Every structure is written in C-alpha cells, then in structure tokens.
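Engineer: quick one, structure for this:
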Amino acid sequence: MARIKRIADLRRRIYEILELGTFGDWTSILVSRLIVALIILNLITITLESVPELAARYGLLFAAVEAVSILVFTVEYLLRLWVAVEHAPYGHLAGRRARMRYAISPAGIVDLLAVLPFWVALLVPIDLRILLVFRIVRFLKLARYSPAMRSLLDVLARERRALTGCFVILIGVALVAASVMYHVEREAQPEKLGTIPDAMWWAIVTLGTVGYGDVVPITPLGRLVAAFTIFSGIVVLALPIGIIATAFAEEIHRREFVVTWTMVARVPLFAELNAVEIADVMRLLRSQSVDPGSTIVRRGDPGHSMYFVAGGEVEIELEASKVRLGVGDFFGEIALLRRTRRTATAKAITRTSLLVLDAQDLHALMERSPSLAARLKDVASKRLGGKRISPEGDIVEQELAEGVVEEGAPAREKAARKQKKPED
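Structural biologist: Model prediction:
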C-alpha cells in the first residue's frame, strides 16, 4: 500500500509540474518555460535549415537540436499519458480509458504527431520531406502554454458552424462568379477561361482580394462581372473576420469577468454580498500596472484603497516578517471603511497587474445602497477579532489595530478625546 501511495503521489506531482499546478510552483514554471523555449528553438531551426549554406555549415548543430527535441517531446508525451488519470475531466475513468481519452484529444494528437513520424521513420522508409510538415506541428504545442492561443482555438471550435456557413457561402459565390465569367469570357480567352474549373481559379483569387493578375477579363462585360465579384469578396470575407473578432473579444471579456468575479467574491468583506451587489462593486474597479521593484503602498501612507492581485507577485513587508501575495490575493479591504494609515509596505516582485477599488467609490455605492453599507460594516466589525494576517494574505487587520485615522491623530488619542467629552 505504501508503494502504491508513493506512485500515486509521484504521478500527481508530475501532473502538477506538467499542467502548471499551484501558483508559485517554480519547478512547474521552469519546466513549462524550457519546453516553450525548445519549441521556439525548433521553429528557428526548421527555418534556418531551409537555407543551403546554413544547413551545410551548422548541420550537426541542427541535428543535435532535433535529437534533443525528439527525446524531450517523447518523454513529455509518455508522461502526459501516464498522468492522464489526474485530469479532472478523466478522473472518473479507469487508467486505460483515461489515457485513451487523452490520446484522442486535440492536445494529445498534436503531442503524438510531434514525435511519432520520426520513430516510424526509423523502422519504415519514408520521405524525409514529410517530416518537415510534422515538425511544424510542434508550433501548436504552444497553445497549451498560451492563454491567447487557447482562447482563439476555443473560439474557432465554438463558432465552427457559423464559420462553416461562411465557407459554404464563399464557395457558392465563387461558383456563381466562375460560371458567369465562363459564359462571358470563354470565347475571348478560351485558354484561360474556357471551362468553369479554369474560371474557378480566377473567382477564388478575386474573391480573396489577392488578384494575381494571371487571369483577367478583357471584355467590358467581363470587367463589370469582375467588379461585382470584387465587391462580393469584400462582403463575404468580412463575415468570418467579424465572427471571429467578436467571439474572441467576448471570450477574453468572459474570462476576465470570471477571474475578477472570483477575486471579489473570495474577499471576506464581500463574501456575503449577492450577485447584484458584487457586480456593482466590480464596476468600480480600475486597473493598475506596476513594474518590478516598484512600491505600491508605503508604510505610513493613508489607506484609501484596496488591491486585488490580477497578475504577478506582491511582497508585503511587515514589522517582523514578509508575506508574498499571488494572483487572486488581496490586501487593504478594511481600509476602505476606516481610512487608516498603512502599517506595511507593499512592493511588486514581478511586473504586476492590480485591480484597485478606491474608498470614495465604495462609499458612494454604500450611500446609494444602505443595505449594502450595513452588510459591509457588519462583516468588517466581525473581522476585527481575527488574526493579524488572514489565510488569504490580507494585512489590514494590523492596519486597524495599529493604524492612524484619516484625520491624522493616532487611534488611541481619538479614543481618549471621546472619553473626555462627557466631562466637558
């Protein structure tokens, strides 16, 4: 049993490394960056190998890069097959079925095509020029490490029916244009437009707004048909471009919305709000980019805002320790309600993207919604008895305990003044 558990733990760890597990896992980050670098190096090598002079001079170097790539990509593929049972979509399947599901998935097929032809070539004679095509396939492996590429592929998959319809329309328009041009120009140019298949070439390059110029109409009526074909091409090509651009923008917006919603909803101060109230808070957020090493807030500064870490890392310098916050963490939420001075300095470790919520914006929202104001104040008062640093990485409870109120007087002095009022 102990041996089985060790194997299961090892498999889970390899899965986390290959699939970018917990935030800040430097082993996973290093492996992913090395694979991305190797893919890019392969693409550069493929390009340079096509130059005869470079191929002759650096042939051994190119061969070494290819050998290392085959070895690394093969090991990666086998490991991904082994850890397929750890994937959430395949977790309910038996080991063999889970691995089969991964093998026939788009990502699995790309990984297989990146290495299989080269191993087959060792056993079966094959035209080496075919291998060049499969080496280009490695470019698709970048989709696993690029959110933008994944989003684009998701958009193409989701809009496949609309894009298929656009392709059918394009073929139909090309066929109609080719048929009309064939009847108009076949006597004037029998060698170029003597058949509809010949005219299809002209129609395709014209609709695509490429216009190679190898086939052009010479009759007045033919030129009129060509003019209509050109205008039709602009309209027909605009359809898929518009569909993809709109869907891609919606996908990016949807992902940003989900990420932002998740970050706001996990803040204890906002955890008890309903969906409408959280959406109101989200509309008040503004973005801020911070360069590595820059100070976000400094000890002693007025605390008029709270921050969500949307990208990068932030280091909080407390009196006795330092805390690192990553994507999804936050700090300074109580300062929105009680504008105390900061008792810690926050600096960006890497280039960091922040979502900032200003106190004045939240206070304006609370004035419009008394129920929201009551909820927020109730949650804030309950949190005062907690730890100085919460599990989520928040530090503002220390700000409340040791901070300075907005007017500039220490909190204990203000309390003392309140005690003297009855005597006055």
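Engineer: now residue 66: closest residue in space, sequence neighbours ignored.
Structural biologist: Nearest-residue entry for residue 66: residue 45, 7.1 Å, with adjacent residues in sequence omitted and distances by C-beta to C-beta, 6 or more residues apart in numbering. C-beta coordinates here come from the backbone N, C-alpha and C atoms, glycine included.
Engineer: what is the subsequent helix or strand relative to the helix or strand encompassing that neighbour?
Structural biologist: Assessed by DSSP states H and E, residue 45 sits inside helix 26-49. Counting by DSSP H and E, the next helix or strand C-terminal to helix 26-49 is helix 52-57.
Engineer: where does the stretch 151-300 of the chain dip in pLDDT?
Structural biologist: For the stretch 151-300 of the chain, the stretches flagged by pLDDT under 70 are 259, 268-269, 271-272.
Engineer: could I get the full set of helices for it?
Structural biologist: Assigned by DSSP state H, counting those that start in this stretch, the helices in the stretch 151-300 of the chain fall at 160-185, 190-193, 196-207, 220-265, 275-282.
Engineer: make JSON lines from the ones you listed and add distance to residue 289 to it.
Structural biologist: Shown next, in JSON lines, are those (distance: least, C-beta to C-beta, whole Å):
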{"stretch": "helix 160-185", "distance to residue 289": "35"}
{"stretch": "helix 190-193", "distance to residue 289": "57"}
{"stretch": "helix 196-207", "distance to residue 289": "43"}
{"stretch": "helix 220-265", "distance to residue 289": "15"}
{"stretch": "helix 275-282", "distance to residue 289": "19"}
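Engineer: any idea which of those helices is most buried?
Structural biologist: helix 196-207 (a mean of 20; mean count of other C-beta atoms under 10 Å).
Engineer: what helices or strands is that helix leaning on?
Structural biologist: helix 160-185, helix 190-193, helix 220-265 (3 or more C-beta pairs under 8 Å, 6 or more residues apart in numbering; DSSP states H and E).
Engineer: check contacts around residue 296.
Structural biologist: 290, 307, 314, 346-348, 352, 354 (C-beta atoms under 8 Å, 6 or more residues apart in numbering).
Engineer: pLDDT weak spots in the stretch 301-424 of the chain?
Structural biologist: Those would be 333-340, 376, 379-424, if you go by pLDDT under 70 across the stretch 301-424 of the chain.
Engineer: now do the domain split for the protein, please.
Structural biologist: 2-145, 160-254, 268-410 (automatic domain parsing).
Engineer: just to revisit the earlier point, residues in contact with the helix holding residue 45?
Structural biologist: Here helix 26-49 has contacts from 16-22, 54-55, 58, 62, 65-66, 68-69, 72-73, 76, 132, 135-136, 138-139, 141-142, 145, using C-beta under 8 Å, 6+ apart.
Engineer: next one: stretch 222-234
Structural biologist: 173, 177, 180-181, 184-185, 188, 203, 206-209, 216-217.
Engineer: and of those residues, the nearest to residue 11?
Structural biologist: The shortest approach to residue 11 among the contacts of stretch 222-234 belongs to residue 208, at 49.5 Å (C-beta to C-beta).
Engineer: roughly how far apart are residue 166 and residue 207?
Structural biologist: 12 Å (C-beta to C-beta, to the nearest Å).
Engineer: which neighbours do those two share?
Structural biologist: residue 236.
Engineer: please tabulate the domains of the chain in TSV, including the columns distance to residue 261.
Structural biologist: Below are the domains of the chain laid out as TSV (distance: least, C-beta to C-beta, whole Å):
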stretch	distance to residue 261
domain 2-145	18
domain 160-254	10
domain 268-410	7
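Engineer: mind checking which of the ones you listed is nearest residue 153?
Structural biologist: domain 2-145 (5.8 Å).
Engineer: mean confidence score for the closest one?
Structural biologist: If you average the pLDDT over domain 2-145, you get 82.
Engineer: still on that earlier bit, residue 364: which of the contacts of stretch 222-234 is nearest?
Structural biologist: residue 209 (51.4 Å).
Engineer: do I have it right that that closest one meets residue 238?
Structural biologist: No. Using C-beta atoms under 8 Å, residue 209 is not in contact with residue 238, being 10.7 Å away.
Engineer: any idea how far stretch 195-210 is from the middle of the chain?
Structural biologist: 39 Å (C-alpha atoms, centre = their mean, to the nearest Å).
Engineer: mind putting the helices and strands packed on helix 196-207 into a markdown table with distance to residue 366?
Structural biologist: A markdown table is the format used below for the helices and strands packed on helix 196-207 (distance: least, C-beta to C-beta, whole Å):
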| stretch | distance to residue 366 |
| --- | --- |
| helix 160-185 | 44 |
| helix 190-193 | 74 |
| helix 220-265 | 15 |
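Engineer: quick one: closest of the ones you listed to residue 1.
Structural biologist: Nearest of the helices and strands packed on helix 196-207 (C-beta to C-beta): helix 220-265, 37.5 Å.
Engineer: figure out how far that closest one is from the centre of its chain.
Structural biologist: On C-alpha atoms, centre = their mean, the centre of helix 220-265 falls 20 Å from the chain's centre.
Engineer: got the angle for that helix vs helix 275-282?
Structural biologist: 100 degrees (axes from the mean of the first three to the mean of the last three C-alpha atoms, to 10 degrees).
Engineer: pretty sure residue 357 is in a strand, no?
Structural biologist: Yes. Applying DSSP: H, G, I helix; E, B strand; the rest coil, one finds residue 357 inside a strand.
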